[in-house]
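Chemist: Any chance you can model this:
(one chain, ligands or ions: 2)
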Amino acid sequence: MSTYSAERIKLTTLGRWGLKSVKQRFQEKVYVDFDSGCWLWTAAQDGHGYGQMNVDGRPEKAYRVAYRLYVGEIPAGLSLDHLCRNRICVAPEHLEPVTLAENTRRQLDAVGHANDLKTHCRNGHPYSEENTLHVKTKVGTGVGRVCRICRAETTKRYRNKAAS
Ligand SMILES: [Zn+2]
Ligand SMILES: [Zn+2]
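Modeler: Residues are numbered from 1 along each chain as shown. Ligands and ions are numbered 1, 2, ... in the order given. Okay, the predicted model is just below:
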């Protein structure tokens, strides 16, 4: 299934060279945790805590190498999701090709567009220039709109409650 060929690599510090398959090199760097089923990467990591392995002289994500070695090509356009949420894990069974990021992004974009088209808040106040407060959000397009009238009323209610 794998598209990797054997590589000529340095076997010893004395400079003896030989052929080793990527799979062999991969397996030497993996520690299997039998409790979780995770294959823990014991070699280099990238800046985000993902395992990293040099293949054909280029650094590659170890979990991507794992998938290609044991499962097959990663479908174009899909990214591999760690089902176990353990970034250092390279177990092929814990990896699933998903379009989640893309889907999520599109869904949020769609919501953002729908909001842009709305001319009134849910209480019927107009989203006019004076009545609209633009706020930063943690999700979606990163910008949201708040109706000033509703906000003022919420604040008033909260103050009354706090005062009583
Ligand atoms: Zn895992
Ligand atoms: Zn309103």
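
Chemist: pretty sure residue 55 is touching residue 21, no?
Modeler: No: between residue 55 and residue 21 there is no contact under Cβ atoms under 8 Å: 10.9 Å. For glycine as for every other residue, the C-beta is placed from the backbone atoms N, C-alpha and C.

Chemist: Now the common contact residues for those two.
Modeler: 4, 7 (Cβ atoms under 8 Å, 6 or more residues apart in numbering).

Chemist: Could you pull out the strands in the protein for me?
Modeler: 7-10, 17-20, 30-32, 39-41, 52-55, 58-61, 79-82, 95-98, 132-136, 143-147 (DSSP state E).

Chemist: helices or strands up against the second one?
Modeler: The criterion is 3 or more Cβ pairs under 8 Å, 6 or more residues apart in numbering; DSSP states H and E, and the helices and strands that strand 17-20 contacts are strand 7-10.

Chemist: strand partners of the strand it packs on, parallel vs antiparallel please.
Modeler: Based on DSSP bridges, the pairing partners of strand 7-10 within the sheet are strand 17-20 (antiparallel).

Chemist: follow-up on the earlier one: any idea which of the strands of the chain is most buried?
Modeler: Using mean count of other Cβ atoms under 10 Å, the stretch among the strands of the chain with the greatest mean number of neighbours is strand 39-41 (a mean of 23).

Chemist: That one and ligand 1, are they touching?
Modeler: No: with Cβ under 5 Å from the ion as the threshold, strand 39-41 lies outside contact range of ligand 1, at a closest distance of 6.8 Å.

Chemist: Show me the shaky parts of the protein.
Modeler: Of all residues in the chain, those with pLDDT under 70 make up the ranges 1-3, 100-117, 136-143, 162-164.

Chemist: Give me the domain ranges for it.
Modeler: 7-98, 101-163 (automatic domain parsing).

Chemist: Return the most buried member of those domains.
Modeler: Per-residue neighbour counts averaged over each of those give the maximum for domain 7-98, namely a mean of 15 (mean count of other Cβ under 10 Å).

Chemist: Tell me how far that domain lies from the chain's centre.
Modeler: Taking Cα atoms, centre = their mean, to the nearest Å, one finds domain 7-98 lying 17 Å from the centre of the chain it belongs to.
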